[in-house]
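>>> What shape does this take:
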Amino acid sequence: MFNELLKNYTTCFPVICDFGIENDITTCDWINRNGTQLQWETGAGSLSNWLGGPPTDASGSEDADKGNFQVLQSGYIYCEMSQIVITPEIKSIQNAFIESPMMDTTGPEGKCVSFSYSMDGLSAAGLRVLLHPVVEETGADQHFQNFDRVLWGTKDSTESKWMEAEVLYTFNQPHQVVFEAIAKDQTEPFRKYRGFVAVDNVALKPGLDCQGHCTFEGGFCGWTNDEDDDFDWALGRGSRNPSTGPATDRSSFMHGGMEGGYAYIDSSFPRKPGDRARLSSTELEPTDPDSPLCLRFWTHMYGNGIGTLSIIIGDEREEKEREIWSLSGEAGNAWYQAEVPVSSANPFKIILTGEVGKNNLGDIAVDDLSFTHGSCPTAPQVAAPASGDCSFEVDECGWSNVGSRERYDDLDWERISGQGARSPSQDHSQGNEKGFFMALARNNVQRPGSRAWIMSREFKGGLGPQCISFWYVLNEPFIDNTGPSLGVLAIYVKTQDKMGNVNVTAIWKLYNHQGPEWRPGQALIQELMDYSIIIEGTWGSSRANGFIGFDDITFYGGACSTKPPAATVRTGDCRFERDICAWVNETFDKTPSWRLATVSRRPANLPDKTFGAPEGYIYFDLFNQNAGSNMVRLISPQILATEEPQLCFSFWFAAFGNGESAELRIVRQDNSSNADGTVPEKIWLLKAKDMDTSRPMWTPAQVAVDSSTDFHLMLEGQATNGGFAIDDVAFTPGACSSKFSLH
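As a prediction, this is how the structure comes out:
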């Protein structure tokens, strides 16, 4: 009976399932496991705001999102994490499982499962793909015995966007594929919030359709041995020499069983030290600058004569190769997982290179190659010591606190685990409380504006655009009526010219509370000179026990965009925390001048706008000045023309002193105005006599600026018995709101 049922299921199981359309949604014979608190449901984008799930299916139709509910929506399956718990006595099974029909053996070539997934919300903790062996004796709780094998998993929110994934697997017994939606534990406060995990477009295909993936059970999966190397990679299922090589493949090493194979280099006679074997993938498509690939694989390097295993990217268009991962020497008689980010602007191949070591006890094996979308820090760290990548699980990977003696900062970054941390309770790499990450320290004499720098090693410039990606948390547990004031996380590029002049340029800045979860960030690096990266954390005036931290730094080639967009640093933006950025103080050498506020010299009773610190803004104060010598001018860097007809220049100002004579002006100077004698245009004017200057207060302002041509802005101040302070200047595309456009 069991075998007949299995036969019927395997012949009827749909190879592809898009879960139908709105009036005819189907699960394609996938079924929920019994006895779980949460359940998978069928859904559609038009129902998402009512019942949960993403606003569109994986095909990307946005009609429902635009309010057009007359168009039938394609379906998907999803699990809403805030479902009411109706069986509280079942406390150990809090996740949701949906199972495919039963399937027979995959054969040695394996099966490729491809699908789309979406995840969002504070209560969603992850999605996993499991392989569940089917046993003939179906006990009441057989589904929850520890038989399931994890084939694939993610814990990162897609922010309701759909992502594609695929997994290659082999199994020689009847089995089911299972999607597991993972919820936050019921003891966690975030469980009460909304959250979902969704899956769409599930397809079961031949193993070779998972391009580049390989289990080496039934061959090399399209990978080929090079013809111009010294010898070839071979397929194996167990070493014949107990002093080198693995006893079994990786899967059998972890789960037991007799099936499984791997690829390896045989270092025995007639091989000699230095001989190399190269195994090349099929040609792969160029990667997205915002989404590199993560190559994961397992390696076994056991024996007294282990040489070197290297991963190389071969650019097919430019016919160039570059090494991205390399590991030498014995690592013990076990399988270890490795990973490395892969990026290329041109079609490319991945090349596995095995090099024979000092003697014939040097078999190197690899198994279970896979590719996923998204960056990942190189592992193990010693395989790319010069990359700057770091998961912080072992140490800081060469990143170092600058030190207070250099007077750049007054705090340190600390490497801590989630155990006992203020927030979060888990790192990003491992997703548990034992994992490590970097956190901005606090001290007993901390004040607003206290900061810490951590700096990378020096990187070689002139290699084209590079991207730094990472994960961050900026969390302010409670926010009082003064508004968010946690602080800032920033990334700088530090260079030094031949004369010894140091330049520090911001490329990414994100201010104040962003939420309690790990979020992805990335920034573009474009430097011709050698450079170092600085990560800076600065505390604001918040009285909450907040947290600023980062984890999983990865560098890869490509012209990536800034993420999140709010962290974009535009030319001319400045908060005057350390200097005046790229603005030029035309009156620097004169007595009346714009000057940076310091603890010892600043307007009375005026903390900075950004953090409430005693310094961190620019001001001028002119008292008892004669007419004609009371003008100060601050000039912006060149602002390039934009596609938008206007930019909005926003800033905060404060007036102080007598106020009768104090004026603040904004002047736009077209780049061609000096050449043709055109008078610069005055576009904004404020007279302090119209304000109460007895107690200076920060006031927001905006002014629209014509951006059809390149230009500079000039901040001009004039007074005989008073002054103005300026902070948080910024340029944003588009028109200004009318609320603060005062002039």
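>>> From here on, just use CA atoms for contacts and neighbour counts.
OK.
>>> So for stretch 549-564, first residue to last residue, what's the gap.
16 Å (Cα to Cα, to the nearest Å).
>>> Numbering from 8 from now on, please.
Shifting the count to begin at 8 puts that one at stretch 556-571.
>>> what mean pLDDT does it have?
Stretch 556-571 carries an average pLDDT of 97.
>>> All the helices of the stretch 558-707 of the chain, residue numbers only.
680-683 (DSSP state H, counting those that start in this stretch).
>>> low pLDDT regions in it?
595-598, 630-636, 666, 679-684 (pLDDT under 70).
>>> just the stretch 8-157 of the chain next, same as before
8-21, 68-79, 91-100, 143-153.
>>> For it, which segments count as strands?
For the stretch 8-157 of the chain, the strands defined by DSSP state E, counting those that start in this stretch occupy 23-24, 27-28, 31-32, 38-39, 48-51, 82-87, 103-106, 118-128, 131-140, 156-161.
>>> quick one, what contacts L137?
With contact set as Cα atoms under 8 Å, 6 or more residues apart in numbering, L137 has these partners: 155-159, 184-187.
>>> repeat that for 6 Å
Neighbouring residues of L137 by Cα atoms under 6 Å, 6 or more residues apart in numbering: 156-158, 184-185.
>>> of these, closest to K689?
Proximity of these to K689 (Cα to Cα) peaks at L158, which lies at 64.5 Å.
>>> Double-check the closest one against H139; I have them as touching.
No - the criterion here is Cα atoms under 6 Å, and L158 misses it with H139 at 10.2 Å.
>>> Which of those two has more residues huddled nearby?
Taking other Cα atoms under 10 Å, L158 and H139 do not tie; H139 has more neighbours (22 against 15).
>>> so the more buried one bridges to which residues?
Q183 (DSSP bridges).
>>> need the contact list for it.
155, 182-183.
>>> Then W159?
135-136.
>>> could you check the distance from the residue nearest to W546 when sequence neighbours are not counted over to R609?
Once flanking residues are discounted, W546 sits nearest to G494: 4.4 Å by Cα to Cα, 6 or more residues apart in numbering. Plainly put, G494 is 21 Å away from R609 if you go by Cα to Cα.
>>> T545: which of the contacts of H139 is nearest?
D155 (45.3 Å).
>>> what residues are up against the closest one?
Residues in contact with D155, defined by Cα under 6 Å, 6+ apart, are 138-139.
>>> hang on, the earlier thing: comparing G494 and R609, which residue is more hemmed in?
A direct count of neighbours by other Cα under 10 Å for G494 and R609 places G494 higher, at 27 against 20.
>>> Please report how far the more buried one lies from L481.
Per Cα to Cα, G494 is found 8 Å from L481.
>>> again with P296
25 Å.
>>> In terms of packing, which of those two has more residues around it?
More crowded of P296 and L481, by other Cα under 10 Å: L481, with 26 against 18.
>>> what sits opposite the more buried one in the beta ladder?
Applying DSSP bridges, one finds that L481 bridges with G522, I555.
>>> With K467 as the reference, measure out to it.
31 Å.
>>> what about the residue sitting nearest the centre point of the chain, distance to T575?
The centroid of the chain falls nearest to P527 when counting by Cα atoms, centre = their mean (2.9 Å). Going from P527 to T575 by Cα to Cα gives 14 Å.
>>> do the same with P392
29 Å.
>>> Those two: who's more crowded?
T575 (19 against 16).
>>> Tell me the spacing between that one and T617.
Distance of T575 to T617, given as Cα to Cα: 17 Å.
>>> close enough to count as contact, G214 and K118?
Yes - using Cα under 6 Å, G214 is in contact with K118, at 4.3 Å.
>>> what about the residue nearest to the centre of the chain, which helix or strand?
Here P527, judged by DSSP states H and E, is contained in strand 522-532.
>>> in that strand, what's buried?
Going by neighbour count (16 or more other Cα atoms under 10 Å), the buried part of strand 522-532 is 523-532.
>>> Tell me, how many residues neighbour the nearest residue to A662 once chain neighbours are set aside?
Nearest non-adjacent residue to A662, counting by Cα to Cα, 6+ apart: F731, 4.5 Å away. Residues near F731, counting by other Cα under 10 Å, number 26.
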